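Trainee: only geometry, no sequence info:
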């Protein structure tokens, strides 16, 4: 997972409420065995409409999505986060998120920013013409017009995002402690250490 300290650029000024994971990535895309290419299926039903926001060249490659209340509700499919990441979205701003989606987004390096509806409404307007910046160091969302919206994020999630640590990375970061524990276990309680330690002895 890549470290994330700041996400800046154009943003999709969508603001739609109650967007479930089936809208984010329809079920027939779930047959894939890889995360690559899921961005093509992201918001497929929305993209079927003419002049939709996701195919508007003004927002091509935008790293931020501004959404409405209850974003990511519905099924628990992690593919929703994979699809967003594959289309280049690194931060989603909304008044609220589904807990499961928020967890999946975090595990895939996507920042979920909760702001009041008034702030989201303002950002939707700004994003139609200008960029938006999400800063994890200052914990603020800012615009070129001096808008400054503070947000909160679980300290553990913030640290993991800024250091680029997913669950595997967190485990590998403790490799020395784990190896030390296993060596101590083999020495003091060999009956619990497993066959590989007995063989080594």
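Mentor: Noted; the coordinates are in hand. Nothing here was measured: the structure is a model prediction, and the numbers come from that model.
Trainee: quick check, residue 92 in a strand?
Mentor: Yes. Under DSSP: H, G, I helix; E, B strand; the rest coil, residue 92 sits within a strand.
Trainee: leaving out chain neighbours, which residue sits closest to it?
Mentor: In space, and not counting its chain neighbours, residue 92 is closest to residue 65: 4.7 Å by CB to CB, 6 or more residues apart in numbering. Every residue, glycine included, has its C-beta placed from N, CA and C.
Trainee: need the three-state assignment for the one you found.
Mentor: Secondary structure state of residue 65, per three-state DSSP, is strand.
Trainee: is it true that it touches residue 12?
Mentor: Yes. Residue 65 lies in contact with residue 12 (CB atoms under 8 Å); the separation is 4.8 Å.
Trainee: common neighbours of those two, please.
Mentor: Common contacts of residue 65 and residue 12, defined by CB atoms under 8 Å, 6 or more residues apart in numbering, comprise residue 89.
Trainee: list the contacts of residue 86.
Mentor: Shown in contact with residue 86 (CB under 8 Å, 6+ apart): 35-40, 42.
Trainee: who has more neighbours, residue 65 and residue 12?
Mentor: Comparing residue 65 with residue 12 by other CB atoms under 10 Å, the one with more neighbours is residue 65, at 28 against 22.
Trainee: state the next helix or strand along the chain beyond the longest helix along the chain.
Mentor: Assignment by DSSP state H gives helix 175-188 as the longest helix of the chain. Once helix 175-188 ends, the next helix or strand along the chain (criterion: DSSP states H and E) is helix 190-193.
Trainee: what about that next one, distance to the chain center?
Mentor: Helix 190-193 has its C-alpha centroid displaced from the chain centroid by 40 Å (CA atoms, centre = their mean, to the nearest Å).
Trainee: ditto for stretch 107-123
Mentor: 11 Å.
Trainee: any stretches of this structure with poor pLDDT?
Mentor: By pLDDT under 70, the low-scoring segments of the chain are 167-172, 193-201.
Trainee: circling back to that earlier point, list the contacts for the residue nearest to residue 92?
Mentor: By CB under 8 Å, 6+ apart, the contact set of residue 65 is 11-12, 14, 84, 89, 91-93.
Trainee: that one and residue 113, how far apart?
Mentor: For residue 65, the distance to residue 113 equals 10 Å [CB to CB, to the nearest Å].
Trainee: now do the shared contacts for these two.
Mentor: Shared contacts of residue 65 and residue 113, defined by CB under 8 Å, 6+ apart, are found at 91-93.
Trainee: for stretch 33-41, buried residues please.
Mentor: If you call a residue buried by 16 or more other CB atoms under 10 Å, then stretch 33-41 has these buried ones: 38-39, 41.
Trainee: how about JSON lines for those, with secondary structure added?
Mentor: Shown next, in JSON lines, are the buried residues of stretch 33-41 (three-state DSSP):
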{"residue": "38", "secondary structure": "helix"}
{"residue": "39", "secondary structure": "helix"}
{"residue": "41", "secondary structure": "coil"}
